[in-house]
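In: Have a look at this prediction, sequence included:
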Amino acid sequence: MLNLVLFGPPGAGKGTQSQNLIEKYGLIHLSTGDLLRGEITQGTTLGLEAKKLMDEGLLVPDAVVIGMISNKLDANKEAKGFIFDGFPRTVAQAEALDSLLESKSSAISGMIALQVNDEELEQRLLLRGKDSGRPDDANPEIIRKRIKEYNDKTAPVAGYYLEQNKFTAINGIGSIPEIFESITKVVDSY
Ligand code: ADP
C-alpha cells in the first residue's frame, strides 16, 4: 500500500495537492477537516461539538478524529492506499495511526511537508475566506490562532516521522504544477 501523510500549516496547499495525488496514484483522500465539516453539515452531535472548537481555531480532541479515521480505514479495505490530509495533527494521533495501520499489516510510506512562511499563509487563508464560506478563514485573529495551534501541537509531528526516516520537506511556494512535480519525485522514490 502507498500511504502518504501530507503535512503543513493551514493554507500550505495540502487540499489542492491531495486532489492531484488522488488522480495520479488512485489513492483515497482522508481529510479530517473535510470529514468534520461533513459532520457539521449533517448536524450530528459530533459536528456540533467540533464546530465550536473549529470556529475558534482550536484542535478537536484526538479521540474524535482518531475514531473517524479508524472508521474510514475499515470502510475502504480494498484501497490501494490513502492520503492523510490534516491528520495526524498531534503526536498522539500519529501514534494511533501507526497502530491502526499495523493492525492492517500496513504502514505509512512517508510524510511530505509543504513549507510556507506565516505571512504567505495568512494572505492565502484570508483570500480563501472570501469565497470558501469557512468562518475560520474569515478572521485574521482566528487564522493566527490556527497557525499558533499548528506551531505548538502539530509541528512536533514532523519529528515523529523524521525519527523514522520518513520525513521530506518541500518548498510550498511556487506554481501548483511545480510543487506537484516536487511531490511526485518524492512519492516515486517510495
Ligand atoms: P486547515 O488545515 O486549512 O486549517 P482543515 O480543514 O484541515 O484546515 O481543519 C480545519 C479545523 O478542523 C482545524 O482548525 C481543527 O479545528 C479541526 N481539525 C481538522 N483535523 C484535525 C485533527 N487531525 N485533529 C484535531 N482537529 C482537527
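Out: Received the coordinates, thanks.
In: got the buried residues for the helix or strand hosting Glu141?
Out: According to DSSP states H and E, Glu141 maps onto helix 140-149. Neighbour counts over helix 140-149 (16 or more other Cβ atoms under 10 Å) mark 142-143, 146-147, 149 as buried. (C-beta placed from N, C-alpha, C; glycine too.)
In: out of these, who's nearest the ligand?
Out: Arg146 (5.1 Å; Cβ to the nearest ligand atom).
In: circling back to that earlier point, give me the helices and strands touching the helix or strand following the helix holding Glu141, please.
Out: Sequence-wise, the next helix or strand downstream of helix 140-149 (DSSP H and E) is helix 156-163. For helix 156-163, the packing partners by 3 or more Cβ pairs under 8 Å, 6 or more residues apart in numbering; DSSP states H and E come out as strand 2-7, helix 91-102, strand 110-115.
In: who does the last one touch, helix- and strand-wise?
Out: Secondary structure elements in contact with strand 110-115, counted by 3+ Cβ pairs under 8 Å, 6+ apart, are strand 2-7, helix 156-163, strand 167-171, helix 176-188.
In: sorry, back to before: which of the helices and strands packed on helix 156-163 sits most buried?
Out: strand 2-7 (a mean of 23; mean count of other Cβ atoms under 10 Å).
In: Quick check: the residue of the chain at minimum distance from the ligand vs Lys77, distance?
Out: Going by Cβ to the nearest ligand atom, the ligand is nearest to Gly33 of the chain, at 1.9 Å. Distance from Gly33 to Lys77, counting by Cβ to Cβ, to the nearest Å: 24 Å.
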